[in-house]
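[1] build me a model:
(one chain, ligands or ions: 2)
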Amino acid sequence: MLTFPNCKINIGLQITEKRPDGFHNLQSCFYPVGWQDVLEVIPAEAFQFTSSGQPIPGDPARNLCTRAYDLLAADFALPPVQLHLHKIIPIGAGLGGGSADAAFTIRLLNERFGLALTPEQMEHYARQLGSDCAFFIQNKPMYCLEKGDVFEPVNVDLSGYYILLVYPNLAISTAEAYAGVRPRTPNTPLRDLLEAPVTQWRDSVHNDFEDSLFPAYPSLADLKQNLYELGAVYASMSGSGSTVYGIFSAPPDGQNHFPHYSVWQGKL
Ligand SMILES: C[C@@](CO)(OP(=O)(O)O)[C@H](O)COP(=O)(O)OP(=O)(O)OC[C@H]1O[C@@H](n2ccc(N)nc2=O)[C@H](O)[C@@H]1O
Ligand SMILES: Nc1ncnc2c1ncn2[C@@H]1O[C@H](COP(=O)(O)OP(=O)(O)O)[C@@H](O)[C@H]1O
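    Ligands and ions are numbered 1, 2, ... in the order given. This next block holds a predicted model:
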C-alpha cells in the first residue's frame, strides 16, 4: 500500500515565550503543500526500513518512520513489514518532511491493519514524535498554538494561487534555529493579521525566525527579495528555514530563475 506524505509551509510564525520544558510556544498558520515523498508498506518476514532518493542523515533505526511503527507496535499486534521511503522533500528545510513521514506512517498502518484509530488518537501518537507531526494527521490548513501541536480552525484559503518553494541547499537544524530566537508577545496576534487578504500580508505577516537567520545567512534574505521581484504577492521563509516560498497569482517561471537550487512549484 502506497501513500504520499506532503510538506507544509508556515504562514507567519510568532514565537511568544520559552516554556519550562525548554520548548517554545508559538502561533503559526500551517498550510499543506504538494511537494511529496513516497511511502510504501510491504509485507515482510521481519521489520525493515529502507529508503531511496535523497540520503537521510542518521540511523535508519531512529528514522521517524521506524519510530512511528515502534510506537504503534507497542500498543497493537502489528505484523512485521518493510517500510520503504522514497525521500524527495528537502531535509532540514522548514517543511516538516520528517514529521509528515511519521504521521503518514501512523495513518498508513492504521488503514492497512484496520486499527480503527480516530484522528484524535493518531494525533496523540504523532505528538510523541515531534512538535509539528500531529498537524499531518488531518493535513489541512490550521492555526497552530503552543508547541505547534494544538489546533484551531483558520479562515485562510489560498486556492487559486500558485506557490514556488526554493530550497537553497542549506540545511538548518530546528534546535539551532530555536536557540537563536528572542521570544516576545506580539503587538497583534497573527490570527488577526491573517484576516486581511494575502495581497496585504507583505508588511504584516512575519516569520520571527527570519530576524536571527537572515543576518546569519544573507542569501536567504536575497532569495525572499528575488521572489518579490518575480512577482510574488507574498514571500516568506518557512518554519526554521531554509526554504523560502513565494505565493503568486499566476504561475511563476521558477525553474529558470533558480537553476542551482531545488525548487517546486504548483497550485495551492
Ligand atoms: C519550526 C517548526 C515550525 O513549524 O517547524 P520546522 O521548521 O522544523 O519544519 C516547528 O516548530 C518544529 O517542529 P519539529 O521539527 O517537530 O520539532 P521537534 O522535533 O519537536 O523539536 C526539535 C527541537 O526544536 C526545539 N523546539 C521545537 C518546537 C517548539 N515549539 N519549540 C522548540 O524549542 C527544541 O529544541 C526541540 O528539541
Ligand atoms: N523520514 C525522515 N525524513 C527526513 N528527516 C528525518 C526522517 N527521519 C528522521 N529524520 C531526521 O530529522 C531531521 C530533519 O527533519 P525535517 O523534517 O526534514 O526538517 P524540518 O523540520 O526542518 O522540515 C534530520 O536531522 C533527519 O536526520
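
[2] can we go C-alpha only for contacts and neighbour counts from here?
    OK.

[3] ok, now which ones touch residue 220?
    If you count contacts by Cα atoms under 8 Å, 6 or more residues apart in numbering, residue 220 has them with 168, 213, 214, 237, 242, 244.

[4] closest one of those to ligand 2?
    Nearest to ligand 2 among these: residue 242, at 7.6 Å, using Cα to the nearest ligand atom.

[5] what about the closest one, distance to residue 83?
    28 Å (Cα to Cα, to the nearest Å).

[6] neighbour count: these two, which is higher?
    Each of residue 242 and residue 83 has its neighbours counted (other Cα atoms under 10 Å); residue 242 has more, 28 against 21.

[7] quick one: that one and residue 177 touch, right?
    No - with contacts counted by Cα atoms under 8 Å, residue 242 stays clear of residue 177, the gap being 10.1 Å.

[8] would you agree residue 33 is in contact with residue 6?
    Yes - between residue 33 and residue 6 there is a contact at 6.3 Å, judged by Cα under 8 Å.

[9] so which of the two has more stuff around it?
    residue 6 (24 against 21).

[10] could you measure from that one over to residue 138?
    Shown here: residue 6 relative to residue 138, a distance of 12 Å by Cα to Cα.

[11] quick check: bridge partners of residue 162?
    Counting by DSSP bridges, residue 162 forms beta bridges with residue 248, residue 267.

[12] for it, the count of nearby residues, please.
    Count around residue 162 with other Cα under 10 Å applied: 18.

[13] tell me the pLDDT of it.
    With respect to pLDDT, residue 162 scores 98.

[14] show me the contacts for it.
    Contacts of residue 162 (Cα under 8 Å, 6+ apart): 247, 248, 249, 250, 251, 252, 265, 266, 267, 268.
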